[in-house]
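Peer 1: build the 3D model from these lines:
(chains A and B)
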Amino acid sequence: MEKLASCLVVGLSTGCIYSLVAIGFVLIYKSSGVLNFAQGAILILGAYIFYSFSVQLGLPMPLAIFLALVFGALLGYGLERFILDRLIGQPVLAIILLTLAFSELLKGTMYLAWGTDLISAPRLFPQGNINFGNLATIDYSQLAFIIITFVLVVLFAVFYNKTKIGLAMKATADDTIAAANVGIKVRKVFAVTWIISCITAAAGGILVTNVMGIHYNVAEIGFKAMAVALVGGLESLTGIIVIGPILGIVEFLAAAYLDPLVGGGMRDLAPFIILLIVLIVRPYGVFGWERIERI
Amino acid sequence: MLNLVNVEVKYHEVILVLRGVSLQVEKGQMVSLLGANGAGKTTLLKAVSGILIPEDGRVTDGYIEFEGRRIDRLEPFDVAEAGILQVMEGRRIFEHLTAEENLLTGAILHGNGRTKQDLEKVYAYFPKLLQVRKRTAGYLSGGEQQMVVIGRALMGRPQMLLLDEPSLGLAPILIREIFDILRNINRDNRIGMLVVEQNAKIALERTQYGYVMENGRIVLDGPAERLKENEDIKEFYLGYAEKEKKRSYRDFKHYSRRKRWL
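Peer 2: Numbers count the residues shown, from 1 in each chain, chains lettered A, B, ... in the order given. Below is the predicted model of the structure:
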């Protein structure tokens, strides 16, 4: 029973991190139909920048966080303006491959700049935990992940459904040419999307590396987040907030109960097994946009 | 108001689609543009609205003016801001948004203020849309989608509408309904309209002036009344044969008759 409860708690908070990272995928996919493979690398880059400002330069923590987020915004803007803008009108595949290449480029740069050692990040949240009876305990930092993720997802949902720029993003996602045609500034929409997505990536990176440590290989978390986004449906913020925690919990349950049977490795495998099943049954994800074909 | 002078358009720098087209639409005038498939009608509209650019097309000669200002180098949203909105062929609706959200995207252009009145105005022209406003646009019927797309353009408060085959794939009764509404919109708001149509009969009935295009050129133009009486138009676009001498297909040479126009 204790094992189960602790799986639920740890799974929930890990899953929330996946959700947080997945927001970036969804934002970009929603407005441009591109799957950004560089999300994971941008995430870690944000964390490295935060580390450099706070530890290497000794700036106060809030300022370092702020600067890392500003850096994320600039990166997103630059990426859109100088690289992706030139690819408007080209096949989406070209852009997707470009993000893949950009991801490797970033990883290489990080390797050169910060080396290969696992760096432990400065603590963001006070140490301590809350007990639920004798069943489970939850760290302050785990609790913080859950709260931050929920707040962000709700904010983005409101942003999407209540604001004009949100509506413009939805329209652009649906039909870019038609959007330009009704007078939506498509370039601006893309720029805003990439900026927001890179900021969330940097924020996610600062949080994730707080438990995992900073290392360019942590970028692999991007793939877990991608699994969350695909299972939930690439257009759906609801999907992310529901599926992230579920996959997180499944991961830890698999690690706790299946690993002893098969000899390990189930933690990383389980989410992708679920992804495979969901893609077979509902290719557009649990909450995704069904493709509309009128007969 | 809208003035095209000797406009030449090339795609990918080599494919010549418009070969020197001149055309005018006055303020509040409703003009139809007729022609067979591939004549360059859609390209002409795209050249005006600026969506040639993402398709790698360019105005290579001549110019396009709107109210005395050159617009042939502008991006689509700048053209929209200047007051020209295109209703694209094939009902390019935002499928996953609701009908009302689709209309609201049209209002993004001019921002706040009169959005609510504009929305009411659109519903007044298209009462059918009021019943389906919360429905996902992708599941609406063809006629309703066409109404949404026209309404969406109206939300941007255009001075000129470019309509690309509003009748495409619609039942005859709906075509009439839509053209009647267009006529009302044109009359009430003095919005200029350039309508590309395959259905020459209804187009010439509801518009004031007509241009006929073939092979990237304007081959004939005149007031709609006069075009309706033109023998060539009758034969090729309206499908009437001369009553006295019913001819068989044998002495009916399309190509030689068409040649006369060029």
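Peer 1: if I pick the closest residue to chain B within the stretch 51-200 of chain A, what's in contact with it?
Peer 2: Per CB to the nearest CB, A:Gly183 is where the stretch 51-200 of chain A lies closest to chain B, at 3.2 Å. Backbone N, C-alpha and C define where each C-beta goes, glycine included. Residues in contact with A:Gly183 (CB atoms under 8 Å, 6 or more residues apart in numbering or on different chains) are B:76-77, B:80-81, B:85, B:106, B:108-109, B:156.
Peer 1: near chain A, which of these show up?
Peer 2: B:76-77, B:80-81, B:85, B:106, B:108-109, B:156 (CB under 8 Å from any CB of the partner chain).
Peer 1: and B:Ala171, how close does it get to B:Leu204?
Peer 2: Going from B:Ala171 to B:Leu204 by CB to CB, to the nearest Å gives 20 Å.
Peer 1: when the two are compared, which one has more neighbours?
Peer 2: B:Leu204 (25 against 12; other CB atoms under 10 Å in any protein chain shown).
Peer 1: sort the contacts of A:Gly183 by pLDDT and name the bottom one.
Peer 2: Among the contacts of A:Gly183, B:Leu109 carries the lowest pLDDT, at 86.
Peer 1: my guess is that one meets A:Val182, correct?
Peer 2: Yes. Counting by CB atoms under 8 Å, A:Val182 is a contact partner of B:Leu109 at 6.9 Å.
Peer 1: these two: which is more packed in?
Peer 2: A:Val182 (29 against 20).
Peer 1: which ones are touching the more buried one?
Peer 2: Applying CB under 8 Å, 6+ apart, the residues near A:Val182 are A:171, B:80, B:85, B:105-106, B:108-109, B:152-153, B:156.
Peer 1: need the max-distance pair from these.
Peer 2: Greatest spatial distance in those: A:Ala171 and B:Leu85, 14.2 Å, computed using CB to CB.
Peer 1: and the residue of the stretch 151-262 of chain B nearest chain A?
Peer 2: B:Gly156 (5.4 Å).
Peer 1: close to chain A: what parts of chain B are there?
Peer 2: So far as CB under 8 Å from any CB goes, chain B lies against chain A at B:49-51, B:54-56, B:75-77, B:80-81, B:85-86, B:88, B:92-97, B:101-102, B:104-106, B:108-109, B:111, B:136, B:138-139, B:152-153, B:156.
Peer 1: can you rerun that using 6 Å?
Peer 2: B:51, B:54, B:76-77, B:80, B:86, B:92, B:94-97, B:105-106, B:108-109, B:138, B:152, B:156 (CB under 6 Å from any CB of the partner chain).
Peer 1: keep only those of those residues that are in strands.
Peer 2: B:Gln86 (DSSP state E).
Peer 1: so which of the residues of chain B next to chain A are in helices?
Peer 2: Among the residues of chain B next to chain A, the members found in helices (DSSP state H) are B:76-77, B:80, B:105-106, B:152.
Peer 1: which stretches in the chain count as strands?
Peer 2: The chain I'm using is chain A. Going by DSSP E, chain A shows strands at A:129-132, A:136-139.
Peer 1: you answered for a different chain; I wanted chain B.
Peer 2: Under the criterion DSSP E, chain B contains strands at B:2-11, B:15-25, B:30-35, B:57-66, B:69-70, B:84-87, B:160-164, B:192-197, B:209-214, B:217-223.
Peer 1: please dump those strands into a markdown table; it should also carry distance to A:Gly76 and mean neighbour count for every row.
Peer 2: Output for the strands of chain B, formatted as a markdown table (distance: least, CB to CB, whole Å; neighbours: other CB atoms under 10 Å in any protein chain shown):
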| stretch | distance to A:Gly76 | mean neighbour count |
| --- | --- | --- |
| strand B:2-11 | 33 | 19 |
| strand B:15-25 | 37 | 18 |
| strand B:30-35 | 43 | 25 |
| strand B:57-66 | 31 | 18 |
| strand B:69-70 | 34 | 10 |
| strand B:84-87 | 31 | 29 |
| strand B:160-164 | 35 | 25 |
| strand B:192-197 | 40 | 25 |
| strand B:209-214 | 45 | 23 |
| strand B:217-223 | 47 | 17 |
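Peer 1: shaky segments in the chain?
Peer 2: Just going to use chain A. Low-confidence segments of chain A, defined by pLDDT under 70, span residues A:89, A:291-295.
Peer 1: actually it's chain B I care about, not the one you picked
Peer 2: B:112, B:239-262.
Peer 1: sort out which residues of whichever helix in it runs longest are buried, please.
Peer 2: Determined from DSSP H, the single longest helix within chain B is helix B:172-189. Neighbour counts using 16 or more other CB atoms under 10 Å in any protein chain shown place B:174-175, B:177-179, B:181-182, B:185-186, B:189 of helix B:172-189 among the buried residues.
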